[in-house]
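Novice: with the input below, show me the fold.
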Amino acid sequence: MTNNLRSNFIGTIFTSYHNNFWLFWRIMIPVAIIAILLNIGVFFRSVDAVEKHVEDKSDYTATATLNTTYGIIPMVSIPDLFRTVELTFEDHSSNVVKDTISSPDVVWQFFPVPIVGTINNDDKSFWQWTLRFQIPDYYTPLILMLLTLCPLSLVVARLSSDEIPLTAREVWRQTGKKVFRVLVAAVLFVLIVDVGNYISIGIGWLIPLLIRPWFVTLIMTLTILANIYFLVTLSLYNPCLILENRSIIGVFKRSHALVSGARLRFLWIYLITGWIAAVFTSVLLGAVLLLFSTFFSELTPIREALTPLKFLSLFVGGNVGVMLPKLPSILPTILLLIVRDLIFVFLVPVWAIVTTRLYLERIETNGEAK
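Specialist: Numbering: from 1, shown residues only. So this is what the prediction gives:
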């Protein structure tokens with residue numbers, strides 16, 4: 001049974017999603033609608049904050065960045081920052097020297113972790129060859145989609161045991177019996193996984209004198225490693241919570257126990273999953289941006305950046321982006337946000353299927369009853 005689980009892992013994920021697509025979406029839709037509406041509201045609140053920040057600064061303007069990873073992001077544009085930056089420094093003879101460098105207007109990134117590699121600059125673009133694990137941005141309303149992991153895990157587990165599948169209403173009814181634990185566990189999962197960032201911020205605040213380039217690099221590396229460790233260690237919290245009768249702390253201890261001894265396998269699977277998710281996101285957002293640029297003239301800069309060659313780079317996890325000269329109007333902005341959020345929602349069941357199948361595999365390996 002264990003060998004079958006491992007050999008058919010990728011096929012099982014695809015088949016499970018394909019065969020139960022509409023059931024998964026019926027489960028997620030109520031939470032997804034709330035999350036998307038909140039996310040749109042937060043975006044325009046951010047834009048409003050940016051505009052208020054720059055209204056008294058004639059040299060600054062509110063604008064936005066389009067890219068194939070996040071869709072659209074509100075920004076503050078400083079004049080000429082994305083064309084030339086003047087550097088002033090002293091040479092070995094104490095003479096003041098001035099020079100200018102070109103700043104990037106196109107960025108390509110390749111995933112997963114950590115950020116390492118080489119950088120090449122020219123007058124038009126910035127090429128960054130990296131390894132980076134792309135995870136969802138925890139600090140947006142889309143975090144609400146974590147609440148759907150438990151009901152999705154319940155469906156996946158039922159299907160794996162060849163039991164009669166539950167309806168979306170029955171799934172939420174059973175999840176509702178553990179609603180408090182589901183809510184608290186989701187919050188704790190986010191806080192614990194991101195603990196490395198809190199530590200790095202705390203060190204920078206408490207010991208500012210230690211902030212040196214080498215020290216910052218060290219802290220960033222340790223932060224990434226800590227985030228990866230906790231993400232992998234606690235990744236089975238959702239099936240442990242919905243399929244077993246344990247306390248909130250017991251759920252995380254259980255996930256730790258199941259992952260122990262198989263962390264490298266888990267990490268490898270998550271890296272592959274993250275890579276596929278990044279490619280899927282980049283290609284779909286790139287196609288949507290090109291489509292929208294034909295209907296909305298204010299989005300034409302992305303069409304100029306996404307040349308055929310650069311669009312092909314999206315199929316290996318590339319990211320292409322441009323800064324717009326001004327904020328786009330409301331309609332294209334809302335449409336881009338909805339598309340981006342729907343892509344995120346589409347990927348949520350993949351994580352639920354992967355973690356639940358890994359949970360069942362570890363249960364089988366340990367000789368435990370399902």
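Novice: wait, is P74 part of a strand?
Specialist: Yes - assessed with DSSP: H, G, I helix; E, B strand; the rest coil, P74 lies in a strand.
Novice: hang on, it packs against F43?
Specialist: Yes - assessed by C-beta atoms under 8 Å, P74 is found in contact with F43 at 6.9 Å. Heads up, the C-betas are built off the backbone N, CA and C, glycines and all.
Novice: which ones are touching L258?
Specialist: By C-beta atoms under 8 Å, 6 or more residues apart in numbering, the contact set of L258 is L236, C240, Y359, R362, I363, N366.
Novice: let's see that with 7 Å instead.
Specialist: Contact analysis of L258 by C-beta atoms under 7 Å, 6 or more residues apart in numbering lists L236, Y359, R362.
Novice: from T356, how far out is it?
Specialist: Distance, L258 to T356, by C-beta to C-beta, to the nearest Å: 12 Å.
Novice: next: A278.
Specialist: Separation of A278 from T356 (C-beta to C-beta) stands at 22 Å.
Novice: what does V195 give?
Specialist: With C-beta to C-beta as the criterion, V195 and T356 are 25 Å apart.
Novice: please report the distance of F180 from S247.
Specialist: For F180, the distance to S247 (C-beta to C-beta) stands at 11 Å.
Novice: same check, this time on I302
Specialist: 49 Å.
Novice: more neighbours, those two?
Specialist: I302 (21 against 12; other C-beta atoms under 10 Å).
Novice: the more buried one: what's it in contact with?
Specialist: L66, L289, S293, V322.
Novice: compile those into JSON lines and extend it with columns for secondary structure, pLDDT and neighbour count.
Specialist: Converted to JSON lines, the contacts of I302 look like this (DSSP: H, G, I helix; E, B strand; the rest coil; pLDDT from 0 to 100; neighbours: other C-beta atoms under 10 Å):
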{"residue": "L66", "secondary structure": "strand", "pLDDT": "86", "neighbour count": "26"}
{"residue": "L289", "secondary structure": "helix", "pLDDT": "93", "neighbour count": "26"}
{"residue": "S293", "secondary structure": "helix", "pLDDT": "92", "neighbour count": "20"}
{"residue": "V322", "secondary structure": "strand", "pLDDT": "85", "neighbour count": "22"}
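Novice: going by secondary structure, the closest residue to F295 other than its chain neighbours is in what exactly?
Specialist: The spatially closest residue to F295, leaving aside those adjacent along the chain, is P332, at 7.9 Å (C-beta to C-beta, 6 or more residues apart in numbering). Taking DSSP states H and E as the criterion, P332 maps to helix 330-365.
Novice: and that helix, what's buried?
Specialist: 332-333, 335-337, 339-341, 343-364 (16 or more other C-beta atoms under 10 Å).
Novice: counting neighbours, what do you get for F295?
Specialist: Neighbours of F295 (other C-beta under 10 Å): 10.
Novice: Y198 too?
Specialist: Number of residues near Y198 (other C-beta under 10 Å) recorded here: 12.
Novice: now Y229
Specialist: With other C-beta under 10 Å as criterion, Y229 counts 15.
Novice: quick one: what helix or strand has it in it?
Specialist: helix 213-233.
Novice: the following helix or strand past that helix packs against which elements?
Specialist: Next along the chain after helix 213-233, taking DSSP H and E as the criterion, comes helix 237-243. Helix 237-243 is packed against helix 149-160, helix 179-193, helix 248-259, helix 330-365, with contacts defined by 3 or more C-beta pairs under 7 Å, 6 or more residues apart in numbering; DSSP states H and E.
Novice: about what we covered before: the helix holding Y229 to helix 179-193, inter-axis angle?
Specialist: Helix 213-233 runs at 150 degrees relative to helix 179-193, counting by axes from the mean of the first three to the mean of the last three C-alpha atoms, to 10 degrees.
Novice: show me what counts as buried in helix 213-233.
Specialist: For helix 213-233, by 16+ other C-beta under 10 Å, it's I219, T223, I224, A226, N227, I228, F230, L231, V232, T233.
Novice: do you know how far F43 is from S153?
Specialist: Here F43 is placed at a distance of 30 Å from S153 (C-beta to C-beta).
Novice: also I228?
Specialist: 22 Å.
Novice: the bottom helix or strand of the protein by mean pLDDT?
Specialist: The weakest-scoring helix or strand in the chain, judged by mean pLDDT, DSSP states H and E, is strand 107-108 (a mean of 32).
Novice: I figured L147 hits A186, correct?
Specialist: Yes - counting by C-beta atoms under 7 Å, L147 touches A186, with 5.9 Å between them.
Novice: so K326 belongs to a helix, correct?
Specialist: No - using three-state DSSP, the assignment for K326 is coil, not a helix.
Novice: okay, now T12: neighbour count?
Specialist: 19.
Novice: span of stretch 189-203 from start to end?
Specialist: This stretch, stretch 189-203, spans 22 Å end to end (C-alpha to C-alpha, to the nearest Å).
Novice: could you find the closest non-adjacent residue to I73?
Specialist: T65 (4.7 Å).
Novice: on that earlier part again, could you dump the buried residues of helix 213-233 to CSV with distance to I203?
Specialist: Below are those laid out as CSV (distance: C-beta to C-beta, whole Å):
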residue, distance to I203
I219, 6
T223, 10
I224, 15
A226, 12
N227, 15
I228, 19
F230, 18
L231, 21
V232, 23
T233, 22
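Novice: and stretch 291-299, how far out from the chain's middle?
Specialist: Put simply, stretch 291-299 sits 26 Å off its chain's centre (C-alpha atoms, centre = their mean, to the nearest Å).
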